[in-house]
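[1] Structure, please.
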Amino acid sequence: MDPAQFDAGYQEHAGYAASLEHLYGRLNTEALDPANFARVERNLDDFRAFLQPLGDPHLATPTIHITGTRGKGSTLAMLEAILLQAGYSTGATISPHLTEVRERIRINGQDISRELFASNYESIRPVADKMMRLANFRTVFELITALAFVSFKEAKLDVALVEVGMGGRLDATNIVSPALSIVTHIGLDHMHILGNTVEAIAEDKGHIIKPVAPAIISRQPNRARRVLEQRCVEVGVECWRMDHEVQIESMSLSDCGSEITVSTPHRTHPKLRIPLLGAHQVENAATAIAAADRLDADGKFNITAAAIREGLPKTRWHGRGEILGTDPILMIDGAHTGQGAHALSNLLDSVFTKRRRIMILGMNRDKNPDLFLNSFETLPDLVLATRAESPRSLTADELAETVREKGIRCETVELTNAINRALEIAESNDIIVATGSFYVIGALRRIWLRE
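    Prediction:
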């Protein structure tokens, strides 16, 4: 994979470019065909051995560990904003990135600089090269995760918020010793790796729940909730569950965010404002609020109700119901599963009513475009089928065939021209929604910012 094609900062800093070239010379599991990923060995003991000569940076910073099928990134971003407002220095790992790889590592709410990315990567590079000689082939995700841990340790941060890459049990991040574990909504995704049932996926993700550290569990299918509850019993920790210990008392949605009232066993938070759009983000906000309350109740952090109230509106989270333009509305959203499509459908139906919908759609081969489109209560009026530069992507023609079978008007379009074509077609009261793949919306966001 040529980093110059998908990283907007590649041409801006020579050291950053050199780091990316070395990094993407490694096995990139995110770009693998799903059939091949199952053959990739994920060995946490080997990863721990890799980190040992770097000073075990994964153990240097108190950590909040977050997994889930949907909502984990948004929950992380809102909890990050609360902790920053409470006066704590924070690190965060997120995936995937949209514009530059360095977005995957944040310090105090800001993407790590290209300079710091390059300098810290140089400390990892000799160890990675040595492991290569020992036939221990570290992946792109593992190297980015190691770089995040090294960066957090060097910055002497108060807390790190670490997002799982895939699943939980064998994910590279599952070597941390969490102060709190969070499991957001679980559904059927990555089934070729995690299992074919929601119970199997919950069992895999539930392995981030460890002894000593309590857990926060978002709203779940009953079968997944029971698996997670059993995991908490097995390791002997208390959990706060959405719709049980944690309640959303009220919510009001608008095209600029939501107002919500949330109660936890610790306290009640009336009429909080969140900037992220849609009812699904209300649930994510409630999970973040519960996490903050739990950290405060346990005495691990001092997080006042005012910090929660003032921090939530400062949440920064790109690519999830993000509005790039307003005449017509141009939105990008990383929905790529049936669950994500259902949440996006609810957002459009509740907030952007009576607007003609033009959808820029690209999807990966391991996703189900038929299920994705069936999850929309109101189908788009026109789909522009496209393809990201990834071996995992469906071709535009393959995707268009599924779209047309549903009776939806469809054109195929090159990704580089997708926004311009949508703007040619759209009228001022329409809404253009780019979705289906983070590869697609990331590329479109880079194009939009560049132009």
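[2] Where do the domain boundaries of the protein fall?
    3-314, 322-450 (automatic domain parsing).
[3] pLDDT (mean, whole number) over the shortest one?
    What it means is domain 322-450. Averaging pLDDT along domain 322-450 gives 92.
[4] now swap in the first one and tell me
    Taken as a whole, domain 3-314 has a mean pLDDT of 90.
[5] start at 879 instead
    OK, 879 is where the count begins now, so the last one is domain 881-1192.
[6] centre of the chain versus that domain, how much separation?
    Its chain's C-alpha centre and that of domain 881-1192 lie 8 Å apart, by CA atoms, centre = their mean, to the nearest Å.
[7] can you check the shortest one too?
    The chain centre lies 18 Å from the centre of domain 1200-1328; the measure is CA atoms, centre = their mean.
[8] Quote the end-to-end distance of that domain.
    Start-to-end span of domain 1200-1328 (CA to CA, to the nearest Å) is 17 Å.
[9] ok so, going back, as TSV, the domains of the chain with mean neighbour count would be great.
    Quick note: C-beta positions are derived from backbone N, CA and C, even for glycine. Output for the domains of the chain, formatted as TSV (neighbours: other CB atoms under 10 Å):
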stretch	mean neighbour count
domain 881-1192	20
domain 1200-1328	19
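[10] Please confirm that Ala1057 is located within a helix.
    No: counting by DSSP: H, G, I helix; E, B strand; the rest coil, Ala1057 is located in no helix; its state is strand.
[11] Wait, it touches Thr939, no?
    No: contact criterion CB atoms under 8 Å: Ala1057 and Thr939 do not qualify, at 9.9 Å.
[12] Report the set of residues contacting both of the two.
    Val1037 (CB atoms under 8 Å, 6 or more residues apart in numbering).
[13] list the contacts for Asn1100?
    With CB under 8 Å, 6+ apart, Asn1100 has no contacts at all.
[14] phi, psi of it?
    Here is the backbone geometry of Asn1100 (degrees, to the nearest 10): phi -50, psi -40.
[15] What of Ala964?
    According to degrees, to the nearest 10, Ala964 has phi -80, psi 0.
[16] what's the nearest residue to it if we skip its chain neighbours?
    Ala1185 (3.9 Å; CB to CB, 6 or more residues apart in numbering).
[17] Stretch 1272-1292: end-to-end distance?
    13 Å.
[18] From the contact counts, what lies against the helix or strand where Phe1030 lies?
    For Phe1030, the host element (DSSP states H and E) is helix 1018-1033. Contact here means 3 or more CB pairs under 8 Å, 6 or more residues apart in numbering; DSSP states H and E; on that basis helix 1018-1033 packs against helix 892-901, helix 922-929, strand 968-971, strand 983-985, helix 992-1011, strand 1037-1041.
[19] what residue is smack in the middle of the chain?
    Gly951 (3.7 Å; CA atoms, centre = their mean).
[20] Surely that residue is within a strand?
    No: read with three-state DSSP, Gly951 is helix and lies in no strand.
[21] and the residue nearest to Ala964, what does it touch?
    960, 963-965, 1170.
[22] What of Thr953?
    944, 946, 1060, 1062, 1096, 1162-1163, 1165-1166, 1169.
[23] mind running it again at 6 Å?
    Applying CB atoms under 6 Å, 6 or more residues apart in numbering, we find Thr953 in contact with 1062, 1162, 1165-1166.
[24] cool, Ile1207 as well?
    Ile1309.
[25] Tell me the bridge partners for it.
    Here Ile1207 sits in beta bridges with Thr1204, Ile1309, as judged by DSSP bridges.
[26] For it, give its distance to Val1229.
    Here Ile1207 is placed at a distance of 10 Å from Val1229 (CB to CB, to the nearest Å).
[27] Then Met1009?
    49 Å.
[28] Residues in a beta bridge with Ile1095, which ones?
    Val1061, Arg1119.
[29] Could you verify my assumption that it touches Val1115?
    No: the pair formed by Ile1095 and Val1115 falls short of the contact definition of CB atoms under 6 Å, at 11.2 Å.
[30] Hmm, Gly951 is touching Ile972, no?
    Yes: counting by CB under 6 Å, Gly951 does reach Ile972; the two are 5.4 Å apart.
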